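*Asks:* mind folding the following:
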Amino acid sequence: MSRTTVAVDASLPDWEDLVTTALLGTDRRTPAGVAPGPRAPSALLDAVAVATVRRRAGLRPARAAERPPPAPEDPRPPLPPAAARRLAMLLADRPGTSGGGRRGTAPDLMELLPQWLAAANARDFAPPPAVLPALLDAARGRTDLRPAALRFAGPRALWLARLNPDWRFALRSAPGGGTAVPGLHDTDGTRRLWEEGLFAERVALLAALRSREPAAARRLLDSTWATERAEDRLMFLDSLRTGLSPDDESFLERALADRSRNVRATAAELLSALPGSALAGRMAVRAGACVAVDHTRDVPTIAVEAPHECDAGMERDGVVAKAPAGRGERSWWLGQLVEAAPLGGWSRRLGGRTPQEIVALPVADDWQGELHAAWCRAAVRQRDAAWSRALLGNPSAPEAGGPGAVSLAERARLLGTLDAAERAEWVAGFIDTHGLSEAFQLLGVCAVPWAAPVGRAVVDALDIARDAGSYPWSFSGVMGLAERCLDPSEAGRLDALLAIPDEPENASPGAGGYWSEAFQRLVTTLRLRAAMLAELSPPAP
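*Replies:* Numbers count the residues shown, from 1 in each chain. Predicted coordinates:
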């Protein structure tokens, strides 16, 4: 076979020179052999075209890449056709870019995608292969979607993620995406991954093992504890929150002597969540010495004598000696002691009173706010529903939430210790008394879809705001939350609110039209959510 020699014209401009000329512009620089003037841009493009052909013609054929293995099978049943079409619609929707204008009556489909994924996962359906790229793109842009999206996408998502760097997050986020966690009885594999794996792999291993066999996870952590970096010890220690039990006390007590202050503080927090631990007992003695009932007054009153110093024993047990800016040292120390003391001991200390009776007692010398705030933190840490009820108080109380709740965030955390039904009843009572402006943060802790009492309270409060001609945009957040969280069965109750109301004299201009649009969008969204659920639950043949 004859060999063909291709002559290369040395006068042709170099590719890098052409790129530089294009960046500078032909007004400042022209290709070689071209004079400045109106023909210079065309000459540059002609030179680029010739150079492009020349570069491509000079490429040597590469060895064919190895064909990737076929995608794994997904054994789950396929989506019903109607549900598959709905998913494609949800993934094709994009948030509007118009800014702060009206949203109109159309539902926000992307906001319904998380609920759709949750319902599809509950029914264990497999996605159509054609939607997987769009599903992975959606999960890439919204981290809150990733767990549900990757669970729904199944094993084929990992297969695709290995072929596209944009979807690499799936390999880190999905079970089995990176290094597989060894089986329960594979002690050699577990030990090897723990000693040789990357930090993220070790964290995942410890979390998985802790959820399956807490004692084995603790022993694994203990085996290398002394040689770990401080920041790694902190992350590993945090995994012990899962399955925390008295069996962990010995290890956590040793962690109280750690070189890192953050590690010591986390160990102390975990020990204080175990009411029977030795640390909790020490904190109970210290806190009890600071709080007592004064019977010399006309009404029994709680008297507080805050600590005068933070000794070495307190610091070892997790008390931070230096107070933040703006806080007094003594009140700072008192709060830490009280929040770490077992709540069950206060009844014995304060005359056999119940949590409700203790919270109702007056507190001398303006210590009530500090004391009750510390009890709030203790109730959340120890998951004590009785104390949470006492500190929340009656939702219809004029002080908006009871004497112990110092903020909406504190109330929300206290509500998290109650069961879903009791939480819903309390939030509904709060809305009935105090309206929606104070309740937005509390609605976020209610189970979805909202229980009937919460749904009725929200709709009634929105109706009252509508009739009063209130500034409508101030309720847009609650309205958006209702679109996602209100039970779809409530749609029928809202039909009477779709008409444009008569606007009072002091109403915001255009408020009536906005309220009508907002309620139409809410009704449309609720009916769409009902249709979505029906499509995912087709009738049996």
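
*Asks:* ok, residues contacting the lowest-mean-pLDDT helix or strand in the chain?
*Replies:* Every helix and strand in the chain was compared by mean pLDDT, DSSP states H and E; the lowest is helix 169-173, with a mean of 77. Contacts to helix 169-173, defined as CB atoms under 8 Å, 6 or more residues apart in numbering, come from residues 136, 139-140, 146-147, 150, 153, 157-158, 160-162, 177-178, 200. C-beta here means a position set from N, CA and C on the backbone, and glycine is covered the same way.

*Asks:* now the buried members of these.
*Replies:* For those, a burial check counting by 16 or more other CB atoms under 10 Å picks out Leu136, Ala139, Arg140, Arg146, Leu150, Ala153, Ala157, Leu158, Leu160, Ala161, Gly177, Gly178.

*Asks:* all strands for the protein, in order.
*Replies:* Under the criterion DSSP state E, the chain contains strands at 291-294, 301-304.

*Asks:* just the mean pLDDT for the last one, thanks.
*Replies:* Spelled out, that is strand 301-304. In this model, strand 301-304 has a mean pLDDT of 96.

*Asks:* can you check the first one too?
*Replies:* Taken as a whole, strand 291-294 has an average pLDDT of 96.

*Asks:* please name the strands paired to that strand in the sheet, noting orientation.
*Replies:* Next to strand 291-294 in the sheet, as set by DSSP bridges, lie strand 301-304 (antiparallel).

*Asks:* which residues touch the strand it pairs with?
*Replies:* The contact list for strand 301-304 (CB under 8 Å, 6+ apart) reads 290-294, 334, 350, 358, 361-365, 367, 370-371.

*Asks:* one more time with 10 Å, if that's ok
*Replies:* 290-297, 330-331, 334, 338, 350, 358-359, 361-368, 370-371 (CB atoms under 10 Å, 6 or more residues apart in numbering).

*Asks:* quick one: buried ones out of those residues?
*Replies:* Buried by 16+ other CB under 10 Å: 290-291, 330-331, 334, 338, 350, 358-359, 361, 363, 367-368, 370-371, out of the contacts of strand 301-304.

*Asks:* ok, Arg425 - contacts?
*Replies:* One thing to correct before we go on: residue 425 is Glu, not Arg. Pro395, Leu418, Ala451, Pro453, Val454, Ala457.

*Asks:* so what's the residue count around the second one?
*Replies:* Using other CB atoms under 10 Å as the criterion, Leu418 is surrounded by 18 other residues.

*Asks:* ok, the first one next?
*Replies:* Using other CB under 10 Å, Pro395 is surrounded by 21 other residues.

*Asks:* now it: phi and psi?
*Replies:* phi -60, psi -20 (degrees, to the nearest 10).

*Asks:* so who does the residue nearest to it when sequence neighbours are not counted touch?
*Replies:* Nearest residue to Pro395 in three dimensions, chain neighbours excluded: Gly429, at 3.5 Å (CB to CB, 6 or more residues apart in numbering). Listed by CB under 10 Å, 6+ apart, the contact set of Gly429 reads Asn394, Pro395, Ser396, Ala397, Pro453, Ala457.

*Asks:* can you say which of those residues are buried?
*Replies:* Those of these that meet the buried threshold are Pro395, Ala397, Pro453, Ala457, by 16+ other CB under 10 Å.

*Asks:* re the thing from before, could you dump the contacts of Gly429 into CSV and include distance to Leu117 and pLDDT?
*Replies:* Output for the contacts of Gly429, formatted as CSV (distance: CB to CB, whole Å; pLDDT from 0 to 100):
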residue, distance to Leu117, pLDDT
Asn394, 38, 88
Pro395, 33, 89
Ser396, 38, 83
Ala397, 40, 78
Pro453, 27, 95
Ala457, 28, 94
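
*Asks:* okay, and which of the residues you listed map to helices?
*Replies:* Pro453, Ala457 (DSSP state H).

*Asks:* how about the contacts of Gly429, which pair is most distant?
*Replies:* Greatest spacing in the contacts of Gly429, by CB to CB: Ala397 and Pro453 (17.8 Å).

*Asks:* helices along the stretch 401-541 of the chain, start to end?
*Replies:* 408-415, 420-434, 440-443, 452-467, 476-485, 511-536 (DSSP state H, counting those that start in this stretch).

*Asks:* pull the number of nearby residues for Arg63.
*Replies:* Neighbour tally, Arg63, other CB under 10 Å: 5.

*Asks:* ok, it - contacts?
*Replies:* So Arg63 contacts nothing (CB under 10 Å, 6+ apart).

*Asks:* kindly report the same for Arg56.
*Replies:* Counting by CB under 10 Å, 6+ apart, Arg56 has no contacts.

*Asks:* mind checking how far it is from Ala32?
*Replies:* Between Arg56 and Ala32 the distance, using CB to CB, to the nearest Å, works out to 21 Å.

*Asks:* for Leu462, same thing?
*Replies:* Leu462 is 72 Å from Ala32, by CB to CB.

*Asks:* domain map for this structure?
*Replies:* What automatic domain parsing lists as the domains of the chain is 187-274, 419-541.

*Asks:* looking at those domains, which is closest to Ala122?
*Replies:* domain 419-541 (8.6 Å).

*Asks:* name the nearest residue to Phe236, ignoring sequence neighbours.
*Replies:* Spatially, and ignoring its direct neighbours in sequence, Phe236 is nearest to Leu221 (5.4 Å; CB to CB, 6+ apart).

*Asks:* could you count how many residues lie near Ser407?
*Replies:* 12.

*Asks:* do the same with Asp188
*Replies:* Neighbours of Asp188 under the rule other CB under 10 Å: 9.
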